[in-house]
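Student: Predicted structure and sequence below. I'll ask about it afterward.
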Amino acid sequence: MHELPLVFFTVFGQSAVGLLLLAFISDRLTMTDEPLLKRANLLALILMGIGLIVGIFHVGQPLRAINMLIGLGRSAMSNEILLSGAFFSLICCTVIFTCLKKNAAVAGVCNALAIVVGLAFVWSITQVYQLSTVANWDTMHTSLQMWLTVLIGGGACAVLIGAHKVGGCFLLIGATISLIAKPEYLVQLSPSLAAAQTLFWSVQAFCLALAVAVGVVAFIKQQSCGSALMLGVFGAVVGELAGRIAFYNLWAMAM
């Protein structure tokens with residue numbers, strides 16, 4: 001599948017943004033400690049790093065990727081590339097000043113800026129795919145599922161690193177909204193293309209139901225991840241990957 005690099009780039013990138021945001025919220029609510037924030041920053045760095053590396057393979061000729069910045073400001077894709085790079089750079093700075101230089105003030109500023117730029121990055125992704133020329137993408141559900149991945153993937157990762165209450169709450173909210181919105185989304189799509197994605201959406205639906213259960217358990221018990229809970233956390237991310245594969249498979253130009 002030619003779009004597979006974009007699947008990982010978007011899902012991992014959006015999950016990294018969600019993780020930083022939820023860890024920040026948890027910290028402001030005094031539900032976290034310094035080690036947890038460090039874990040959140042490191043995991044977000046890893047996720048975004050993998051997403052960027054894998055995403056490069058979609059370019060075709062990675063050395064010419066810089067040419068894609070020519071349309072900065074007027075091109076949604078150019079904006080996405082710039083913001084993804086800025087987001088990754090700010091996460092790097094956050095990790096450096098948290099773990100190496102150990103300057104709490106600078107690390108806090110970098111962390112806050114990373115969240116703001118990260119949210120702008122997610123918004124830029126929605127602008128890339130909200131296209132009137134692709135009928136199956138020209139729907140509010142295109143943007144909705146991108147933002148829900150911030151909650152689902154970010155919430156799952158937050159639970160994984162120990163922010164159980166906030167992570168579980170947003171994982172539960174995101175997964176529930178996604179399940180509720182799915183039937184309306186499916187009826188707006190081309191029947192033949194939608195039917196071809198049944199396997200991917202079935203996997204996603206199962207993983208979303210699992211994510212709801214994980215969210216409830218994490219929110220109520222607020223304890224370290226057991227093996228079953230950890231499998232559910234990974235399952236939530238797998239479900240978003242499956243849903244994103246189905247989304248890219250819906251590409252078809254309007255006649």
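Tutor: Perfect, I can see it now.
Student: show me what contacts the residue nearest to Gly18 when sequence neighbours are not counted?
Tutor: If the residues on either side of it in the chain are set aside, Gly18 comes closest to Gly154, at 1.6 Å by CB to CB, 6 or more residues apart in numbering. Just so you know, the C-beta spots here come from the backbone N, C-alpha and C atoms, and that holds for glycine as well. For Gly154, the contacting residues are Gln14, Ser15, Ala16, Val17, Gly18, Leu19, Leu20, Leu21, Leu22, Gly167, Phe170, by CB atoms under 8 Å, 6 or more residues apart in numbering.
Student: any chance you could map the helices in the stretch 101-250 of the chain?
Tutor: All helices of the stretch 101-250 of the chain, identified by DSSP state H, counting those that start in this stretch, fall at 104-129, 140-161, 164-187, 191-195, 198-221, 227-249.
Student: Please identify the deepest-packed of the ones you listed.
Tutor: Highest mean neighbour count of those: helix 140-161, a mean of 25 (counted as mean count of other CB atoms under 10 Å).
Student: what angle separates that helix from helix 227-249?
Tutor: Per axes from the mean of the first three to the mean of the last three CA atoms, to 10 degrees, the angle that helix 140-161 makes with helix 227-249 is 160 degrees.
Student: How far off centre is helix 140-161?
Tutor: The chain centre lies 5 Å from the centre of helix 140-161; the measure is CA atoms, centre = their mean, to the nearest Å.
Student: how about low-confidence regions in the stretch 151-255 of the chain?
Tutor: Low-confidence segments of the stretch 151-255 of the chain, defined by pLDDT under 70: 222-226, 228, 252-255.
Student: give me that answer again for 90
Tutor: 162-164, 190-194, 214-234, 251-255 (pLDDT under 90).
Student: ok, back up a step: can you select the buried ones among the contacts of Gly154 for me in ChimeraX?
Tutor: Selection of buried members from the contacts of Gly154 for ChimeraX, criterion 16 or more other CB atoms under 10 Å:
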select :14,15,16,17,18,19,20,21,22,167,170
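Student: of the contacts of Gly154, closest to Leu229?
Tutor: Nearest to Leu229 out of the contacts of Gly154 is Gly167 (CB to CB; 11.1 Å).
Student: Could you verify my assumption that that closest one touches Gly153?
Tutor: No. Using CB atoms under 8 Å, Gly167 is not in contact with Gly153; the gap is 10.7 Å.
Student: ok, back up a step: among the contacts of Gly154, name the ones in helices.
Tutor: Among the contacts of Gly154, the ones falling in helices (DSSP state H) are Gln14, Ser15, Ala16, Val17, Gly18, Leu19, Leu20, Leu21, Leu22, Gly167, Phe170.
Student: List the contacts of the second one.
Tutor: Right, the one you point to is Ser15. Leu47, Thr149, Val150, Ile152, Gly153, Gly154, Ala156, Cys157, Val237, Glu240 are the contacts of Ser15 under CB under 8 Å, 6+ apart.
Student: Could you dump the residues you listed into CSV and include distance to Ala213?
Tutor: Shown next, in CSV, are those (distance: CB to CB, whole Å):
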residue, distance to Ala213
Leu47, 23
Thr149, 19
Val150, 20
Ile152, 13
Gly153, 17
Gly154, 18
Ala156, 12
Cys157, 17
Val237, 15
Glu240, 16
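Student: and those, which two are the farthest apart?
Tutor: Across the contacts of Ser15 (CB to CB), the longest gap, 13.5 Å, separates Leu47 and Ile152.
Student: Pick the one among the ones in helices among the contacts of Gly154 closest to Leu100.
Tutor: Leu100 lies nearest to Leu20 out of the ones in helices among the contacts of Gly154, by CB to CB, at 18.4 Å.
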